[in-house]
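1. Here's a sequence, model it:
(one chain, ligands or ions: 1)
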Amino acid sequence: MEELFSSLKLLSFTFMLLLFLLKLTVLLWWRPRKIEGHFSKQGIRGPPYRFFIGNVKELVGMMLKASSQPMPFSHNILPRVLSFYHHWKKIYGATFLVWFGPTVRLTVSEPDLIREIFTSKSEFYEKNEAPPLVKQLEGDGLLSLKGEKWAHHRKIISPTFHMENLKLLVPVMATSVVEMLEKWSAMGEKGEVEIEVSEWFQSLTEDVITRTAFGSSYEDGKAIFRLQAQQMDLAADAFQKVFIPGYRFFPTRRNIRSWKLEKEIKKSLVKLISRRRENEKGCGVEEKEKGPKDLLGLMIQASNMNMNMSNVTVDDMVEECKSFFFAGKQTTSNLLTWTTILLAMHPHWQVRAREEVLKVCGSRDHPTKDHVAKLRTLSMIVNESLRLYPPTIATIRRAKADVDLGGYKIPGGTELLIPILAVHHDQAIWGKDANEFNPGRFREGVSRAGKHPLGFIPFGVGVRTCIGQNLALLQTKLALAIILQRFTFCLAPTYQHAPTVLMLLYPQYGAPIIFQLIH
Ligand code: HEM
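-> Next comes the predicted model:
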């Protein structure tokens, strides 16, 4: 009897093992072959799938080689930043298949196809699942939510970013910039100072994000975002290491530190939210509406008003705060950094921008929101910077079901990679000078700058377009206007041109700039 029992156990174990191996073979061998066949019949090819690793080995090899040394002072950055795309596009055309392990991605850079994905047929696509490490950082907020919950949160949070609301933040934004510049002046000698701008711009944008997220609870919010910044550093560190599945669950020193931080962030936010709730109870309507609307205030209000299923919980608020910090801080600081580098590289445009700023805002007064709206040359410069150096270089969508895309039959589950950077550098859209810095092309507005209105998509497009776009542009132009009022600047001799990507586009060896005080 015992023997029969153990034979049965062995048999069922063998059966389970075979089933597992079969599933693995289907996932890692049969399915990729089938997908390759499906696309090849439609004329879409790509580098061949390799068992388990897909094209990751070649892809990482190309990226490492490209970033191994700086490049000349040119804006033709696609071969360095998206080397795999640049390389395979030459062989297979702009629409090709690339395998990230057993996950397939179809690259799509044709503006008409982009329109289908993001606007005319957007209901057939959804955001893809971010890798666990990114997910931990970006939180379960607007960036990654889907369906009704996303729509509900977007509606609640949107008023934070209306221009009327952002306008109220302009004086504090300007004060933060001026304080930063006063520190620069104090660090210099004979009116000249060398500054690594990217780090300074990060603190500046963090300050503004803290105000938009926490409003009157600014000081407490700042402490929470400091913890979040430490969390980002740990994740950035992990991101650069070889990926081992499940590694984030091991009790390594880094993971233990990260778990502790996570707990601390949540605890502080919960405390802050309950304090804020108490304060709000004691205020009249007038008092509540005095300051700018902030993310936390709006979410607390929504949670008080609505006690049904779609109610906003404390966990939701925690996740949205993480999302805000992740989405808003480094994107805007990178835009500021690249625009400063570009103005340092192109002194002629720096002079033009300064002349305009002095004419519109005067030489010392803090620019207002209305001043900023009149800075047309600066707007063109910022747009050209977003075109050549978009902080978000790509985005991904996933087909929810089988769908027709511009005549191609896309099986459900396929991921589509939209290389924003490549679209922005495409000569078919931008002409022969696509890789030149020419802000003048935006003279007649964004939609007329290229040959296709969807050739310029630094903030995405469609319903999931960037909610923080107004804030990012306002803050960038305001900061640049104040810098231009007070300083002339050029690249430091130590500057090395090396745009690279680690989630966002950033200068690999920093951005040292020499600032000269204008007397
Ligand atoms: C130069 C600065 C910025 C750039 C280049 C940028 C870029 C983008 C892009 C490309 C998307 C769309 C992603 C996709 O469709 O997959 C996006 C979405 C988003 N951005 Fe930004 N962003 C910037 C600043 C900000 C700021 C300042 C905030 C908030 C404070 C913010 C919050 C968000 C959020 C929450 C989403 C998701 C919106 C949704 O899905 O409903 N971004 N951003």
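2. The ligand versus Arg352, what's the distance?
-> As defined by C-beta to the nearest ligand atom, to the nearest Å, Arg352 lies at a distance of 22 Å from the ligand. Every residue, glycine included, has its C-beta placed from N, CA and C.
3. Start at 6, not 1
-> Sure, I'll start numbering at 6, so the last one becomes Arg357.
4. Phi first, then psi, for the nearest residue to that residue once chain neighbours are set aside.
-> Once flanking residues are discounted, Arg357 sits nearest to Thr382: 5.4 Å by C-beta to C-beta, 6 or more residues apart in numbering. Main-chain torsions, Thr382, degrees, to the nearest 10: phi -60, psi -40.
5. what does the stretch 106-255 of the chain have sitting close to the ligand?
-> 147-148, 159, 214, 217 (C-beta under 6 Å from any ligand atom).
6. taking these one by one, which sit in strands?
-> Of those, none are assigned to strands by DSSP state E.
7. Give me the ChimeraX select line for those, limited to the buried ones.
-> Burial among those is assessed by 16 or more other C-beta atoms under 10 Å; the matching ChimeraX selection reads:
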select :147,148,214,217
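8. could you dump the residues of the stretch 106-255 of the chain next to the ligand to a markdown table with distance to Lys132 and pLDDT?
-> Formatted as a markdown table, those follow (distance: C-beta to C-beta, whole Å; pLDDT from 0 to 100):
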| residue | distance to Lys132 | pLDDT |
| --- | --- | --- |
| Leu147 | 10 | 92 |
| Leu148 | 8 | 91 |
| Arg159 | 13 | 93 |
| Ile214 | 22 | 88 |
| Thr217 | 23 | 84 |
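9. Could you give me the buried positions within the host helix or strand of Leu118?
-> Following DSSP states H and E, one finds Leu118 within helix 116-120. Within helix 116-120, the residues that count as buried by 16+ other C-beta under 10 Å are 116, 118-120.
10. For that helix, give me every contacting residue.
-> 100, 113, 410-411, 423, 428, 434, 457-460, 462, 466 (C-beta atoms under 8 Å, 6 or more residues apart in numbering).
11. that older thread, export the residues of the stretch 106-255 of the chain next to the ligand to a markdown table and tack on distance to Met67?
-> Formatted as a markdown table, these follow (distance: C-beta to C-beta, whole Å):
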| residue | distance to Met67 |
| --- | --- |
| Leu147 | 33 |
| Leu148 | 28 |
| Arg159 | 37 |
| Ile214 | 34 |
| Thr217 | 38 |
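12. State the pair within the residues of the stretch 106-255 of the chain next to the ligand that is farthest apart.
-> Within those, Arg159 and Ile214 form the most distant pair, 17.7 Å apart (C-beta to C-beta).
13. CA atoms of the helix holding Leu118 as PDB?
-> The C-alpha coordinates for helix 116-120 follow below in PDB (Å, rounded to 0.1, in the frame of the first residue of the first chain):
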ATOM      1  CA  PRO A 116       3.000  59.700 -36.600                       C
ATOM      2  CA  ASP A 117      -0.200  58.300 -38.300                       C
ATOM      3  CA  LEU A 118       0.200  55.000 -36.400                       C
ATOM      4  CA  ILE A 119       0.900  56.900 -33.200                       C
ATOM      5  CA  ARG A 120      -2.300  58.800 -33.700                       C
END
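14. need the next SSE after that helix, C-terminal direction.
-> The first helix or strand that comes after helix 116-120 along the chain, using DSSP H and E, is strand 130-132.
15. Buried residues, that next one. List them.
-> Across strand 130-132, burial judged by 16+ other C-beta under 10 Å covers Tyr130.
16. cool, and stretch 33-52?
-> 33, 37, 40-41, 44, 49-52.
17. ditto for stretch 71-89
-> Buried residues in stretch 71-89, counted by 16+ other C-beta under 10 Å: 71-72, 75-76, 80, 82-83, 85-89.
18. ditto for stretch 508-524
-> Residues 508, 510-513, 515-520 are the ones in stretch 508-524 that count as buried (16+ other C-beta under 10 Å).
19. Please identify which of these is nearest to the ligand.
-> Ranked by distance to the ligand (C-beta to the nearest ligand atom), the buried residues of stretch 508-524 are led by Leu510 at 9.2 Å.
20. List the contacts of the closest one.
-> Counting by C-beta under 8 Å, 6+ apart, Leu510 makes contact with 86, 339, 343, 394-398, 426, 504.
21. give me that answer again for 6 Å
-> Leu510 is in contact with 394, 396, 398, 504, counting by C-beta atoms under 6 Å, 6 or more residues apart in numbering.
22. same thing with Lys188?
-> With C-beta under 6 Å, 6+ apart, Lys188 has no contacts at all.
23. hmm, 10 Å instead?
-> Going by C-beta atoms under 10 Å, 6 or more residues apart in numbering, Lys188 touches 198, 200, 205.
24. For these, pick the one with the most neighbours.
-> Highest neighbour count within the contacts of Lys188, by other C-beta atoms under 10 Å: Ile200, with 23 neighbours.
25. avg pLDDT for stretch 479-499?
-> What stretch 479-499 shows for mean pLDDT is 97.
26. Could you export it as PDB, CA atoms only?
-> Taking C-alpha atoms only, stretch 479-499 is exported to PDB below (Å, rounded to 0.1, in the frame of the first residue of the first chain):
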ATOM      1  CA  LEU A 479       5.800  77.300 -16.300                       C
ATOM      2  CA  GLN A 480       8.500  76.400 -13.900                       C
ATOM      3  CA  THR A 481      11.100  75.900 -16.600                       C
ATOM      4  CA  LYS A 482      10.400  79.300 -18.300                       C
ATOM      5  CA  LEU A 483      10.200  81.100 -15.000                       C
ATOM      6  CA  ALA A 484      13.600  79.700 -13.800                       C
ATOM      7  CA  LEU A 485      15.300  80.400 -17.100                       C
ATOM      8  CA  ALA A 486      13.900  83.900 -17.300                       C
ATOM      9  CA  ILE A 487      15.300  84.800 -13.800                       C
ATOM     10  CA  ILE A 488      18.700  83.100 -14.600                       C
ATOM     11  CA  LEU A 489      18.900  85.100 -17.900                       C
ATOM     12  CA  GLN A 490      18.100  88.400 -16.000                       C
ATOM     13  CA  ARG A 491      21.100  87.900 -13.800                       C
ATOM     14  CA  PHE A 492      23.800  85.800 -15.600                       C
ATOM     15  CA  THR A 493      25.500  85.100 -18.900                       C
ATOM     16  CA  PHE A 494      26.700  81.500 -19.100                       C
ATOM     17  CA  CYS A 495      28.800  79.100 -21.100                       C
ATOM     18  CA  LEU A 496      29.900  75.400 -20.900                       C
ATOM     19  CA  ALA A 497      32.700  74.700 -18.500                       C
ATOM     20  CA  PRO A 498      35.800  73.300 -20.100                       C
ATOM     21  CA  THR A 499      35.200  70.100 -18.200                       C
END
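27. ok, back up a step: just give me the closest of the buried residues of helix 116-120 to His524.
-> Of the buried residues of helix 116-120, the one sitting nearest to His524 (C-beta to C-beta) turns out to be Pro116, at 47.9 Å.
28. Am I right that Met317 sits in a helix?
-> Quick fix: residue 317 is Val, not Met. No: the assignment for Val317 (DSSP: H, G, I helix; E, B strand; the rest coil) gives coil, which keeps it out of a helix.
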